[in-house]
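> mind folding the following:
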Amino acid sequence: MGKSILDKQEKPKSPARKKARKVRTEKDVISICNTARVAWSKAPQSARIVSFEWEGGRYISTISSFRVKIETIDGDPIAAYYE
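Numbers count the residues shown, from 1 in each chain. Purely as a prediction, here's the structure:
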């Protein structure tokens, strides 16, 4: 006997997470770094991490004493720049 529609229950959907776009060109790297710089300029001075949107995806940026690293929400590295 086949399954009826009532047998199938949809799983509750998790909150929408925008998929990070692949950074492919030098122009993309420059653009995402500039977006991260804007996010840092708006963050409190004591912040060590900021999140921001770029090209429809969510990203995070962390800072050390001289390096700013940009990665996807899932932790995949994208770029870094040095100050």
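> start to end distance for stretch 53-69?
15 Å (CA to CA, to the nearest Å).
> what is the mean pLDDT for that stretch?
Averaging the model's pLDDT scores along stretch 53-69 yields 90.
> mind checking the SS state of the residue nearest to the spatial centre of the chain?
Taking CA atoms, centre = their mean as the criterion, residue 59 is the residue nearest the geometric centre of the chain, at 1.7 Å. Taking DSSP: H, G, I helix; E, B strand; the rest coil as the rule, one finds residue 59 in the strand state.
> bridged to it, which residues?
residue 52, residue 72 (DSSP bridges).
> hey, which helix or strand in this structure has the poorest pLDDT?
Taking mean pLDDT, DSSP states H and E as the measure, strand 77-82 is the helix or strand of the chain with the lowest mean score, a mean of 87.
> buried sites along that strand?
78-81 (16 or more other CB atoms under 10 Å). For glycine as for every other residue, the C-beta is placed from the backbone atoms N, C-alpha and C.
> what's the answer for stretch 31-44, then?
By neighbour count with 16+ other CB under 10 Å, stretch 31-44 contains the buried residues 32-33, 35-36, 39-40, 43.
> what's the answer for stretch 41-54, then?
Those would be 43, 50, 52, 54, for stretch 41-54 by 16+ other CB under 10 Å.
> how about the strands in the chain?
Secondary structure of the chain (DSSP state E): strands located at 49-54, 57-63, 67-72, 77-82.
> quick one: list the elements packing against the third one.
Same thing as strand 67-72. helix 26-42, strand 57-63, strand 77-82 (3 or more CB pairs under 8 Å, 6 or more residues apart in numbering; DSSP states H and E).
> re earlier: and the buried residues of stretch 31-44 as JSON lines, adding distance to residue 72?
Below are those laid out as JSON lines (distance: CB to CB, whole Å):
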{"residue": "32", "distance to residue 72": "11"}
{"residue": "33", "distance to residue 72": "15"}
{"residue": "35", "distance to residue 72": "14"}
{"residue": "36", "distance to residue 72": "13"}
{"residue": "39", "distance to residue 72": "15"}
{"residue": "40", "distance to residue 72": "17"}
{"residue": "43", "distance to residue 72": "19"}
